[in-house]
Structures are given as structure tokens and as C-alpha cells.
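> Take this sequence and fold it.
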Amino acid sequence: MDPQSQTTSLQRLQNVEKRIVRVLELAGGVMDEMANPSGPRKELVNSHCSEFMQSVKDIQMTLREEIKSACEYRPFEKCDYVPRISNEICCKKLEYLIAQVDEMRRTIDEFNEA
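Below you'll find the model as predicted:
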């Protein structure tokens, strides 16, 4: 991840944090309105609830995008250690087999000469 994408990612997460604070303020406003002795004002409660729901959806979408972009960064993705070691093991096995076959060939040659 380059520093610029980290900065923008951090900025997006800071914006999410600000939106979460706003969502909590909306929820508090609805609670205050519900506790109003003269009764809640329907239009205010509806407005706050609509904004609350839209903000929660926006926050979820932004967090999903941030999680997805974080998961796309895989520093070990191009690591070739496992395939390289597997190839080395296969090469050693082949060397061993070649040595065994050579030994068998010598034994057969000695048997045929005798």
C-alpha cells in the first residue's frame, strides 16, 4: 500500500467516524423527542429516522469498501517459497532415484559380465 492510499483510507475512516457521531446525535434527538411531555413531533422523528437509516447504510457501504480494499493488499501473495521448496524436494527425489537406477544398472552389468 502506498502512503497516499493509506492517507485517503484513513481520511475515509475518519469521515465514517464523524458520520457515526452524527448517527448517535440523531438517535439522541429522537429519544429526546419521544420523551417530550407534549408528545413527539412526527415530522421531526420521521426526518431523524430517515437520515439515521440512510447514514447507517452509507456507513456500512463505506466500511465494506474499506475492508475489501484492505483485504486486497496481500504482501505475501507473490511469495514463491512453497513452490520453490517443493521443486527442490522433487529435484532431490529425482537425484536419489537416478542414483538408485545407476546402481541397479551397474549391478545388472556386473551380473551379465560374470
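> C-alpha only now, for contacts and for neighbours.
OK.
> Go through stretch 52-70 and flag the buried ones.
52, 55-56, 59, 62, 66 (16 or more other Cα atoms under 10 Å).
> Also stretch 29-37?
For stretch 29-37, by 16+ other Cα under 10 Å, it's 29-30, 33.
> Helices - which of these land there?
29-30, 33 (DSSP state H).
> And for L26, the neighbour number?
For L26, the tally of surrounding residues (other Cα atoms under 10 Å) stands at 20.
> Does it lie in a helix or a strand, and which?
helix 3-34 (DSSP states H and E).
> Between helix 3-34 and the next helix or strand after that helix, find me the angle.
Beyond helix 3-34 on the C-terminal side, the first helix or strand identified by DSSP H and E is helix 42-72. Relative orientation of helix 42-72 versus helix 3-34 (axes from the mean of the first three to the mean of the last three Cα atoms, to 10 degrees): 160 degrees.
> what's helix 42-72 packed up against?
Packing partners of helix 42-72 (3 or more Cα pairs under 8 Å, 6 or more residues apart in numbering; DSSP states H and E): helix 3-34.
> Off-centre distance for the helix it packs on?
Relative to its parent chain, helix 3-34 has a centroid offset of 22 Å by Cα atoms, centre = their mean, to the nearest Å.
> what's it packed up against?
Short answer (3+ Cα pairs under 8 Å, 6+ apart): helix 3-34 packs on helix 42-72.
> what's the next secondary structure element after the helix it packs on?
helix 81-113.
> Off-centre distance for that next one?
On Cα atoms, centre = their mean, the centre of helix 81-113 falls 44 Å from that of its chain.
> pLDDT averaged over it, what's the number?
The pLDDT scores in helix 81-113 average 88.
> again, but for stretch 41-50
92.
> and if you look at stretch 53-62?
pLDDT averaged over stretch 53-62 gives 92.
> Please save the CA atoms from it in CSV.
In CSV, the C-alpha atoms belonging to stretch 53-62 read as follows (Å, rounded to 0.1, in the frame of the first residue of the first chain):
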residue,chain,number,x,y,z
MET,A,53,-31.3,4.8,8.3
GLN,A,54,-29.6,6.4,5.3
SER,A,55,-26.5,7.2,7.3
VAL,A,56,-26.2,3.7,8.7
LYS,A,57,-26.5,2.3,5.1
ASP,A,58,-23.7,4.7,3.9
ILE,A,59,-21.5,3.8,6.8
GLN,A,60,-21.9,0.1,6.1
MET,A,61,-21.1,0.6,2.5
THR,A,62,-18.0,2.6,3.2
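> Alright, that wraps it up for me.
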